[in-house]
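In: Build me a model from this:
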Amino acid sequence: MRSFPLIVLLLVAAFPASAQLVVPADRTELLDGKPAGEAAYAASIGYPMRERLLEFKEQLGLTRDQLRKIDAITRDEPVALKVKGEEIVEAEDALLKLMQSGAANERTVRTHVEKIGKLRADLRFMQLQVFLRLKALLTPNQAERYKELVTASPQ
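Out: Numbering: from 1, shown residues only. Next up, the predicted model:
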């Protein structure tokens, strides 16, 4: 408990009153519909990405039907991610305003934090769902070939 005043002093020194604290730290990415790293690991372990599928469409032997389905799966994703990102930023802003108002208590803060957590979970699921759906479009041979091509031609 004795370190609490020291922590406050360090925070005040680190963030002078004139500094603008940006909350959340990934605000720009969320508002642009491009959350950083949310699903990078899925791509890194061979789950197909739209751009790479289209890049390798001949080598994979993708059919017209598969290409149509890839487009259908990914067409609305950027807009949906942007909308969800805006919801997260609004929820983060509401929490910050609550904290700044001095009216925050454990119950209200927990409610806001749980809402933000749910929104972020929804966003992450939306991204991973696209990877799952794209993978489901491929035959086992195409999925294996995709991994080979991506490994041989990293971005």
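In: so which strand or helix has L95?
Out: For L95, the host element (DSSP states H and E) is helix 77-101.
In: mind listing what's buried in that helix?
Out: 80-82, 84-85, 87-89, 91-92, 95, 98 (16 or more other C-beta atoms under 10 Å). Every C-beta, even on glycine, is put in place using the N, C-alpha and C of the backbone.
In: Next SSE downstream of that helix?
Out: Helices and strands here follow DSSP H and E; after helix 77-101, the next one along the chain is helix 106-137.
In: Give me the angle between that next one and helix 77-101.
Out: With axes from the mean of the first three to the mean of the last three C-alpha atoms, to 10 degrees defining the directions, helix 106-137 sits at 170 degrees from helix 77-101.
In: counting contacts, what elements does helix 106-137 pack onto?
Out: helix 40-44, helix 50-55, helix 64-74, helix 77-101 (3 or more C-beta pairs under 8 Å, 6 or more residues apart in numbering; DSSP states H and E).
In: any idea of the mean pLDDT for it?
Out: For helix 106-137, mean pLDDT rounds to 95.
In: Just the angle for that helix relative to helix 64-74, thanks.
Out: Angle of helix 106-137 versus helix 64-74, following the same axes, to 10 degrees, is 170 degrees.
In: which intervals of this protein have sub-threshold pLDDT?
Out: Scanning the chain for pLDDT under 70 picks out 1-22, 35-36, 38.
In: contacts for stretch 131-150?
Out: 39, 42-43, 46-50, 52-53, 56, 59-62, 66, 69-70, 73-74 (C-beta atoms under 8 Å, 6 or more residues apart in numbering).
In: List only buried entries from the residues you listed.
Out: Buried subset of the contacts of stretch 131-150 (neighbour count, 16+ other C-beta under 10 Å): 39, 42, 47-50, 52-53, 56, 60, 62, 66, 69-70, 73-74.
In: Pipe the helices and strands packed on helix 106-137 into a markdown table and attach distance to L134 per row.
Out: As requested, those are exported to a markdown table (distance: least, C-beta to C-beta, whole Å):
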| stretch | distance to L134 |
| --- | --- |
| helix 40-44 | 10 |
| helix 50-55 | 7 |
| helix 64-74 | 6 |
| helix 77-101 | 11 |
